[in-house]
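**Q** Show me the folded form of this:
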Amino acid sequence: MTTPNGDTPPMPRTLAIVRALNEERTVGDVVADVRAHIPGCVVVVVDDGSTDATAPRARAAGARVVSLPFNLGMGGAAQTGYRIARDEGFDAAVQVDGDGQHPGSEAARVLGALLEGPHDLVVGSRFLEGRGDLSTPARRWGIRIASHLLSAVMGRRVTDATSGLRAVGRRGIALYARSYPCDYVEVEALILAARDGMRVAEVPVTMRAREQGRSTIRPAHALVYGARVAVGAASLAVTRRAAPDPG
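**A** Next up, the predicted model:
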């Protein structure tokens, strides 16, 4: 991309936020992969109270590491990264998990869609052009319910409400630095974005199987998950109805 004068504009300053809890087996490769596919980006690993070698392995791979004194959960770790992005004046932030599910090439795809605009938030979807990760019935059910509810309330198609691979510009950085959900974070973060009037888009991505750990969407949580999403979606609908007509 060039300016009208034929010059190449400077690359927006980008922060890659990698959330990690006891990911010593994968975090080094994740950092290296992101750095290889997004040249010039700063990678910060938010070590969410790990008890293994996550922090030193992330540093060895070239990341800046912020070690939280205790486990804050996925939401607290993400918000820590967004506050760094806000306070240090980054133009964009791309969120990546430290478990190896999000290839650097796909993080670059999501970031590229954001920078091409005109979006405030771009989500990498496993289901936009395929079946995606359908590992368990409970996980499939939770994702489907969340996506259908958000689609209805947001007035646009949402296919992967639980994807953690996403990128935001300055507006999203400011929002998430100020407020980020603690429970069912990916879905509720989309609800926050919709309440704020952000322009949201999805791009198709392929993710890897997780190398360790397990999904937070399990049979015992599926009904609670759906109920929480329904409450959030209803709240969004009420907020929109109550908003004054700009005309």
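**Q** how about the strands of this protein, start to end?
**A** With strands called from DSSP state E, the chain shows them at 14-20, 42-47, 64-67, 92-97, 121-125, 166-168, 200-204.
**Q** Look up how far Val30 lies from Val66.
**A** Val66 sits 15 Å away from Val30, taking Cβ to Cβ, to the nearest Å as the criterion. (Each C-beta comes from the backbone N, C-alpha and C, glycine too.)
**Q** between these two, which one's more packed in?
**A** Counted by other Cβ atoms under 10 Å, Val66 and Val30 do not tie: Val30 has more neighbours, with 29 against 18.
**Q** where in this protein is pLDDT low?
**A** In the predicted model, the chain carries pLDDT under 70 at residues 1-10, 130-139, 210-247.
**Q** rewinding a little: could the strands of the chain be laid out in TSV, adding distance to Arg83?
**A** Shown next, in TSV, are those (distance: least, Cβ to Cβ, whole Å):
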stretch	distance to Arg83
strand 14-20	10
strand 42-47	10
strand 64-67	10
strand 92-97	11
strand 121-125	17
strand 166-168	13
strand 200-204	22
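**Q** Can you tell me which of these is nearest to Gly104?
**A** Checking those against Gly104 by Cβ to Cβ gives strand 92-97 as the closest, at 8.0 Å.
**Q** Can you spell out which helices and strands pack onto the closest one?
**A** Strand 92-97 is packed against strand 14-20, helix 27-37, helix 73-87, helix 104-116, strand 166-168, helix 170-178, with contacts defined by 3 or more Cβ pairs under 8 Å, 6 or more residues apart in numbering; DSSP states H and E.
**Q** what's the angle between the third one and strand 42-47?
**A** To tie it back to what came earlier, the one meant is helix 73-87. Here the directions of helix 73-87 and strand 42-47 differ by 150 degrees (axes from the mean of the first three to the mean of the last three Cα atoms, to 10 degrees).
**Q** what's next to helix 73-87, contact-wise?
**A** 15, 17-21, 44, 46, 48, 66, 68, 72, 90, 93, 95, 164, 168, 173-174, 176-177, 180-183, 185, 189 (Cβ atoms under 8 Å, 6 or more residues apart in numbering).
**Q** try the fourth one
**A** Judged by Cβ under 8 Å, 6+ apart, the contacts made with helix 104-116 from elsewhere in the structure are 12, 14, 16, 30, 33-38, 92, 94, 96, 119, 121-124, 165-169, 201, 203, 205-207.
**Q** Of the residues you listed, which qualify as buried by neighbour count?
**A** Neighbour counting with 16 or more other Cβ atoms under 10 Å marks 14, 16, 30, 33-35, 37-38, 92, 94, 96, 119, 121-124, 165-169, 201, 203, 205, 207 as buried within those.
**Q** what's around Ala209, how many residues?
**A** As a burial measure, Ala209 scores 9 neighbours (other Cβ under 10 Å).
**Q** So how do I select the buried members of the contacts of helix 73-87 in PyMOL?
**A** Applying 16+ other Cβ under 10 Å to the contacts of helix 73-87 leaves a buried subset, and the PyMOL line that selects it is:
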select buried, resi 15+17+18+19+20+21+44+46+48+66+68+72+90+93+95+164+168+173+176+177+180+181+185+189
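**Q** excluding its backbone neighbours, what's nearest Thr26?
**A** Spatial nearest neighbour of Thr26, excluding adjacent residues (Cβ to Cβ, 6 or more residues apart in numbering): Gly100 at 4.0 Å.
**Q** what's the answer for Arg208, then?
**A** Spatial nearest neighbour of Arg208, excluding adjacent residues (Cβ to Cβ, 6+ apart): Gln101 at 5.3 Å.
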